[in-house]
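Asker: Sharing a sequence plus its predicted fold:
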Amino acid sequence: MAKIDGKYITVETEAPDYPVTVTEQPVEKGVNLVDHVQAGAWTMSLSGLIVGPDADKTRAYIVAAKDKGKVVRYVGRNRFTGVITAFSTSHDYTVANGMTFSMDLREVRIATSSYVATLPAPVKAQAAAVANKGTQQPKNKSKSKGKGKGGKKKTASTKSNKATSASSVINKPTRAPIKPGNKWGTGNLQ
């Protein structure tokens, strides 16, 4: 008896396959030159019986695992972990309380994300604050706006605010400080 994710199945044959891909270069005489060998994904073909009172539940589990691409663990004469790539059953008069089946398993490698939500402490320490933010536009702090007819009376203080806000718009924008020795701040751009 064998198990697939803890479900009992009767396996008659197991056929593991360990393929490799070989690249060849032709030569003038003799056998081609082999310059690279790359291992392929392992596969295993199984055939046997699913019998007993839970045969239908076992078949339903295997079909669901195949459709979802779930990684299953097979333990029989060989051990194998992978996904089910093919599964077929045959229901005939020779098996009274179950069915015959054939199944193909394939080895998979699952990649994990290298994204990290927060930086570790040593990496945070290496990140420097921005030293030169370029030319900045001054912020206009005056929020008082004169209303038209029937609004507030214009007083001397509102007139002086308008004069200062108008002069701040006319003035040149302020520059952010530049570190000493920086080639951009000295005017030497060579």
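Answerer: Cool, got the structure.

Asker: contacts, neighbours, all on C-alpha from now
Answerer: Noted.

Asker: how much space between A64 and D54?
Answerer: A64 is 15 Å from D54, where distance means Cα to Cα, to the nearest Å.

Asker: before we move on, what about V72?
Answerer: Taking Cα to Cα, one finds V72 at 19 Å from D54.

Asker: Tell me which stretches of this protein form strands.
Answerer: According to DSSP state E, the chain carries its strands in the segments 2-4, 7-17, 20-25, 33-39, 43-51, 72-75, 79-90, 98-106.

Asker: looking at these, which is closest to K141?
Answerer: Proximity to K141, assessed across the strands of the chain by Cα to Cα, is greatest for strand 79-90 (65.3 Å).

Asker: Report the inter-axis angle for the closest one versus strand 43-51.
Answerer: Strand 79-90 runs at 60 degrees relative to strand 43-51, counting by axes from the mean of the first three to the mean of the last three Cα atoms, to 10 degrees.

Asker: List phi and psi for the closest residue in space to P53 that isn't next to it in sequence.
Answerer: In this structure, P53 finds its nearest non-sequential neighbour in N97, 7.2 Å apart by Cα to Cα, 6 or more residues apart in numbering. For N97, the backbone dihedrals (degrees, to the nearest 10) come out as phi -120, psi 40.

Asker: Tell me, how many residues neighbour N97?
Answerer: N97 has 14 neighbouring residues, counting by other Cα atoms under 10 Å.

Asker: do the same with P53
Answerer: P53 has 10 neighbours, counted by other Cα under 10 Å.

Asker: cool, E28 as well?
Answerer: 6.

Asker: Cross-check the contact I'm expecting between A2 and I9.
Answerer: Yes - using Cα atoms under 8 Å, A2 is in contact with I9, at 5.4 Å.

Asker: more neighbours, these two?
Answerer: Applying other Cα under 10 Å to A2 and I9 shows that I9 carries more neighbours, namely 21 against 17.
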